[in-house]
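[1] Quick one: sequence plus predicted model below, questions after.
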Amino acid sequence: MGPILRFIKKRLEKKGDTVLPSNVRMISGCEDHQTSADVSNVATFQLPDPAGRAGGACTSTLLNVLYEDHKTPEDDLSFVEVLGQMREILERKGFTQIPQLTSSKPVDINAPFALAPEGSDGTKRAILIGINYVGQQGELSGCHNDVHNIKEYIMDVHGFKEENIVVLMDDGEHNLPTRENIINGYKKMVADSEPGDAVFCHYSGHGGRLRDDDWGEEEDGYDETLIPVDYRENGQIRDDDLFQILVRPMNPEVMVTCLMDCCHSGTVLDLPYKFKAGAENREMEVDESYNFTKLFGFVGEIFDHDSSDEE
């Protein structure tokens, strides 16, 4: 870690509760560059052929670690252990994707994996999104199953109740996972959540990349996206949108955990801290590629500091 990044990390640690007070963690199935298709033009974009491998690898692997045969492990597993076991299973099955954890603030990754604070008696809310793109090119087959399986897990193991779970699927039975419905679902989750609550967001479907519409914001020149069922008519959902809709406005006393099972998902919520499965370090680090102007505004604000920053 170079001197500039060390300074930014120190600045973020000091100002973090001011610039990004929310408590959001995200498990993603792969890094941003792990891809099935690069997307730069929505009008001509075609969903990638999943070849039997694109749907549900992250969700099914997580459940294989935490809920195999509908049973929880005898010993509590830490985030490090969960992500490490996920990577081992994926490698054995021939997948190259690397699971990772990103967060709005440092998470003790050696603490037991949990979806709610210990001892919390707040409401547990969830929004579960599964898109098979029925009848479209690149149709998936496992995303509806992902939702059913993860729903059973959070209800059985973590005590989520049916009335507090929103499901969006293109199965003819639930509300469709359109761009509008997904965005409104996240907005309602923010509006309804109160201090002490826990929120779980699950997405299983296609993820994409679009040319960055804020020049120079993304190091790789692309925004990561979620691809709703009506993406042809109404477009994709950019990481910038998700950050402004879900991450930034969430009450800081609400614990939010997201599971994003799609391509290009590594930074789809634009969170500044990262831990990658198999990494040598045993703590979360500031993501060196993160665009800190998203938090601090203009670059000058990052370096506008008082003497206490140098202690």
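    Good, I have the coordinates.

[2] got any ranges where this structure has weak pLDDT?
    Within the chain, the segments meeting pLDDT under 70 span 1-17, 30-56, 213-221, 293-311.

[3] hey, where'd the helices end up in it?
    Assigned by DSSP state H, the helices in the chain fall at 3-19, 57-66, 79-92, 143-158, 179-192, 231-234, 239-242, 293-296, 299-303.

[4] Relative to Val286, which of those helices is closest?
    Val286 sits nearest to helix 3-19 of all those, at 4.5 Å, using CB to CB. The C-beta positions use only the backbone N, C-alpha and C, and glycine is treated the same way.

[5] Next, count neighbours for Asn64.
    Counted with other CB atoms under 10 Å, the neighbours of Asn64 add up to 15.

[6] ok so, going back, now that we have the helices of the chain, can you turn them into JSON lines and tack on distance to Pro106?
    Listed next are the helices of the chain as JSON lines, based on distance: least, CB to CB, whole Å:
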{"stretch": "helix 3-19", "distance to Pro106": "8"}
{"stretch": "helix 57-66", "distance to Pro106": "22"}
{"stretch": "helix 79-92", "distance to Pro106": "12"}
{"stretch": "helix 143-158", "distance to Pro106": "23"}
{"stretch": "helix 179-192", "distance to Pro106": "22"}
{"stretch": "helix 231-234", "distance to Pro106": "34"}
{"stretch": "helix 239-242", "distance to Pro106": "21"}
{"stretch": "helix 293-296", "distance to Pro106": "15"}
{"stretch": "helix 299-303", "distance to Pro106": "18"}
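
[7] Most tightly packed of those?
    Neighbour counts (mean count of other CB atoms under 10 Å) averaged over each of those peak at helix 239-242, with a mean of 23.

[8] Off-centre distance for it?
    With CA atoms, centre = their mean, to the nearest Å as the basis, helix 239-242 stands 11 Å off its chain's centre.

[9] Tell me the helices and strands packed up against it.
    strand 222-226 (3 or more CB pairs under 8 Å, 6 or more residues apart in numbering; DSSP states H and E).

[10] Arg282: which of the helices of the chain is closest?
    helix 79-92 (6.3 Å).

[11] Which neighbouring elements make contact with the closest one?
    helix 57-66, strand 100-103, strand 273-276.

[12] if you set the cut-off to 6 Å instead, what comes out?
    helix 57-66 (3 or more CB pairs under 6 Å, 6 or more residues apart in numbering; DSSP states H and E).

[13] Just the angle for the helix it packs on relative to helix 143-158, thanks.
    30 degrees (axes from the mean of the first three to the mean of the last three CA atoms, to 10 degrees).

[14] Let me know the distance separating Val65 from Ile27.
    In this view, Val65 and Ile27 are 11 Å apart by CB to CB, to the nearest Å.

[15] Arg211: neighbour count?
    Counted with other CB under 10 Å, Arg211 comes out at 13.

[16] give me the beta-bridge partners of Arg25?
    Under DSSP bridges, the beta-bridge partners of Arg25 are Ser103, Thr257.

[17] isn't it right up against Thr257?
    Yes: if you go by CB atoms under 6 Å, Arg25 and Thr257 touch, sitting 5.2 Å apart.

[18] Give me the residues contacting stretch 146-161.
    The contact list for stretch 146-161 (CB atoms under 6 Å, 6 or more residues apart in numbering) reads 56, 59, 63, 67, 72, 115, 124, 126, 128, 130, 169, 200, 202, 204.

[19] typed the wrong thing, it's stretch 249-264
    Residues contacting stretch 249-264 (CB under 6 Å, 6+ apart): 21-29, 32, 35-36, 58-59, 115, 117, 190, 193, 195, 197-207, 209, 224, 268.

[20] Now, the contacts of stretch 146-161 that are in strands?
    124, 126, 128, 130, 169, 200, 202, 204 (DSSP state E).
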